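Peer 1: coordinates only, sequence not included:
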């Protein structure tokens, strides 16, 4: 029995490993400091985006390309409420507000669009990013006449810890949602939406709420990211690239396991941090090639590769597992 | 006393009436068959009853309550559940979870997980799938996938079950087993409304049969009356 | 002639011009998505390649841009055909269902976008490029239009109509249309489905390449120019009903005229206006204006 199984076995050891990893991460600024902290913050940010994406799109099968919109909303809330001229509210409050703002956008979009099937939903959510970007750009050009905003400077360690907290919250939500009644409903929608509805699942509610929940973490991360960017404008905040990255990272890492998306995010964030500033074209080119290769040859992602390799090494004994 | 009633139930697709002014009723405890040539509107009628489509115009009442315009999940929770002509299961989920979904979400008041699991296990046993509870549902034979659908529908504590061609695509042995299953479902006190093409099956298990043709109801009576009805024979032979 | 009428004429011709280009681009994507089921987000990159190739051929070798149509078109067709034969056909065979293929091909196309765009950045640099060709005024009923505008419009409409006739009249055209309707039946009828889909994809790329050649006569070029055209093409094919070639042709003109009207009042909002219309349309008529 699947639901109770999670409560008895297979819960303790991953929990322990996660705890050790968390303690290692939390003491990172003390042990390494400086550049490593900045790098790990970036990795955490991408991991949040990716896991949030998987949270909704993984089980439901609706490919959302709205990540950049939710992230951008968070960044803008951060910039508006934490200007360099003096913050209006405490950082953590703004983080929550940014998350809520993204959730509200997701609720609206979800209620309108989640009846669109397949590729239409993907196109629509992507359109959302472009629409917000263009309207905001126009607004700043012709109405408010504010081009770009400076954001309050926050020290790297604080940014790191807040990002870590959001990351932990995202992972815990992901973990428990998967094992919950709600997660089962979401999964059933991904497998056969009509059957789910006729079996008593309020499909609209489940989809919209999960979509909003996943947007929360992305928006919250956006607020923190704004303080890291220190200067933002519509193009920086609503970068459509960030709509595709989570999809890629998730597929690259593998959606099947909980750690797959995190592994994918870590590898990509590392590559980006090390390559992008010096060789931006080469980075993006590599990105494209890797994307094509992964889709062609690794449908289960890097993580899916490990059992495959293991099987080969151990001489096919585990062929049926 | 009718558990299900329809008045002038109509559904147009484009300019074409798929179901046209159909009055019908199903009494508590009955097994009612719905037959008709292909394209007669049988599945459309089931889609209207289960809330996938909304009749326009027309009224549908379940247990005396007007359910016209209710959402599928709401209708399901009232105790009206269905299976599908083309099997709709959660193929990558274990058989057990397929059924569990019904008992977790489809029951009138919702169930605590432990009770839902017990209920689902009991129903798996009832349809004879206990042994494959952990197998992904997509890996079963068609006959067994249909049984998963039945168990899932029953798990919602259905009082009325709509069976859409339970026996289509099954071999003679499986058909006989399915007929036996229908009888046992009835034994649980569940009212059954079923679409079927296998004449022997429908004549054998139904108390009453309705015939649709071009979206209109052309006959309604006991199996014997239907089998000897001139209109019905004309419709089938005139094909 | 009163000024307001000149303005309206100006907008109308401008809208037709824009619409002609949009129609061409959208027909290309319609072949790729409507028939070959690849939502080719890299569609605009073929436009960019067409435009930059023309720029280089004209400025370095002095080849007339209109001659470039005949050079660039076939080459891009072959690139598109081979891409589909290698990459997308493989994905199509590997996909467990059509939905999975749509998702995987979209992501692969996204990878292509990055490869092509960054190769162009490495090769041509990030600066805007432009050249001047047929850049003199022509007077039509009192309104002045540059000659290249009219040439672009003529070619866009001509190629669009020619292609439509090709689809309707020729054997290959019929095979393509039957593949769009029902790939399985088409393959049963003896249509080599993989080849037909690859040809469609190639034709889609060809249309984009030709649009790129035409666009390069008027618009400053930049390796990142493609995506906006892709987005417009997506809007148009949804507007016209997926898989409907005439729908995308007409839809292109409708969007072009809308775009020109919006641009007249608020230039920076045209893409937003397109998206607004698009989203509204998706909600009201998810199958497009001309959809069944």
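Peer 2: Perfect, I can see it now. Quantities reported herein were computed from a predicted structural model and do not represent experimental measurements.

Peer 1: The host helix or strand of residue C:159: which residues count as buried?
Peer 2: Using DSSP states H and E, residue C:159 falls within helix C:147-169. For helix C:147-169, burial by neighbour count (16 or more other CB atoms under 10 Å in any protein chain shown) applies to C:148-153, C:155-157, C:159-160, C:163, C:167. Using the backbone N, CA and C atoms, a C-beta is placed for each residue, glycine as well.

Peer 1: Any chance of CSV for those residues, columns pLDDT and distance to residue C:228?
Peer 2: What follows is the buried residues of helix C:147-169, written out as CSV (pLDDT from 0 to 100; distance: CB to CB, whole Å):
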residue, pLDDT, distance to residue C:228
C:148, 81, 20
C:149, 81, 19
C:150, 82, 23
C:151, 84, 23
C:152, 84, 17
C:153, 83, 20
C:155, 85, 21
C:156, 83, 17
C:157, 83, 22
C:159, 85, 21
C:160, 81, 20
C:163, 83, 23
C:167, 80, 27
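
Peer 1: quick one: which of the residues you listed is nearest residue B:150?
Peer 2: Nearest to residue B:150 among these, counting by CB to CB, is residue C:167 at 48.0 Å.

Peer 1: So chain B: which segments form each domain?
Peer 2: Listed by automatic domain parsing, the domain ranges of chain B are B:2-79+B:159-237, B:88-154.

Peer 1: and the last one, does that touch chain C?
Peer 2: Okay, so that is domain B:88-154. No - Domain B:88-154 lies apart from chain C when judged by CB under 8 Å from any CB of the partner chain; the minimum separation is 10.3 Å.

Peer 1: So what would you say the end-to-end distance of that domain is?
Peer 2: End-to-end distance for domain B:88-154: 15 Å, by CA to CA, to the nearest Å.

Peer 1: Okay, residue C:203 and chain A: tell me how far apart.
Peer 2: 21 Å (CB to the nearest CB, to the nearest Å).

Peer 1: Am I right that that residue is in contact with residue C:77?
Peer 2: Yes - using CB atoms under 8 Å, residue C:203 makes contact with residue C:77 at a distance of 6.8 Å.

Peer 1: Residue 176: how many residues sit nearby?
Peer 2: This is for chain A. By other CB atoms under 10 Å in any protein chain shown, 12 other residues sit near residue A:176.

Peer 1: Wait, chain C was what I had in mind.
Peer 2: Using other CB under 10 Å, residue C:176 has 24 neighbouring residues.

Peer 1: what's the spacing between it and residue A:77?
Peer 2: With distances taken as CB to CB, to the nearest Å, residue C:176 is found 49 Å from residue A:77.

Peer 1: quick one: pLDDT of residue 144?
Peer 2: Went with chain A since none was named. Residue A:144 carries a pLDDT value of 82.

Peer 1: actually it's chain B I care about, not the one you picked
Peer 2: At residue B:144, pLDDT is 92.

Peer 1: who's in contact with it?
Peer 2: B:129, B:132 (CB atoms under 8 Å, 6 or more residues apart in numbering or on different chains).

Peer 1: Nearest to chain A: which residue in chain B?
Peer 2: Closest residue of chain B to chain A, CB to the nearest CB: residue B:106 (2.8 Å).

Peer 1: Isn't that residue up against residue B:75?
Peer 2: No - contact criterion CB under 8 Å: residue B:106 and residue B:75 do not qualify, at 10.0 Å.

Peer 1: Compare those two (neighbour count), which wins?
Peer 2: In this view residue B:106 and residue B:75 are compared by other CB under 10 Å, and residue B:106 has more residues nearby, 30 against 25.

Peer 1: could you pull out the strands for the chain?
Peer 2: You didn't pick a chain, so chain A it is. In chain A, the segments counted as strands under DSSP state E are A:149-150, A:231-232.

Peer 1: that's the wrong chain, I meant chain C
Peer 2: With DSSP E as the criterion, chain C has strands spanning C:137-140, C:143-146.

Peer 1: Mind giving me the packing neighbours of the first one?
Peer 2: In other words, strand C:137-140. Packed against strand C:137-140 by the contact rule (3 or more CB pairs under 8 Å, 6 or more residues apart in numbering or on different chains; DSSP states H and E) you find strand C:143-146, helix C:147-169.

Peer 1: Now tell me what touches that strand from outside.
Peer 2: So strand C:137-140 is in contact with C:9, C:13, C:144, C:145, C:146, C:147, C:150, going by CB under 8 Å, 6+ apart.

Peer 1: Kindly recompute the last result at 10 Å.
Peer 2: C:9, C:10, C:13, C:143, C:144, C:145, C:146, C:147, C:148, C:149, C:150, C:151 (CB atoms under 10 Å, 6 or more residues apart in numbering or on different chains).

Peer 1: Can you verify my assumption that the first one contacts residue C:260?
Peer 2: Spelled out, it's residue C:9. No - using CB atoms under 10 Å as the test, residue C:9 is too far from residue C:260 to be in contact (11.5 Å).

Peer 1: So between the two, which is more surrounded?
Peer 2: Remark: of residue C:9 and residue C:260, residue C:260 carries more neighbours, 20 against 16, as counted by other CB under 10 Å.

Peer 1: Would you tell me which one of the domains of chain B is buried the most?
Peer 2: domain B:88-154 (a mean of 21; mean count of other CB atoms under 10 Å in any protein chain shown).
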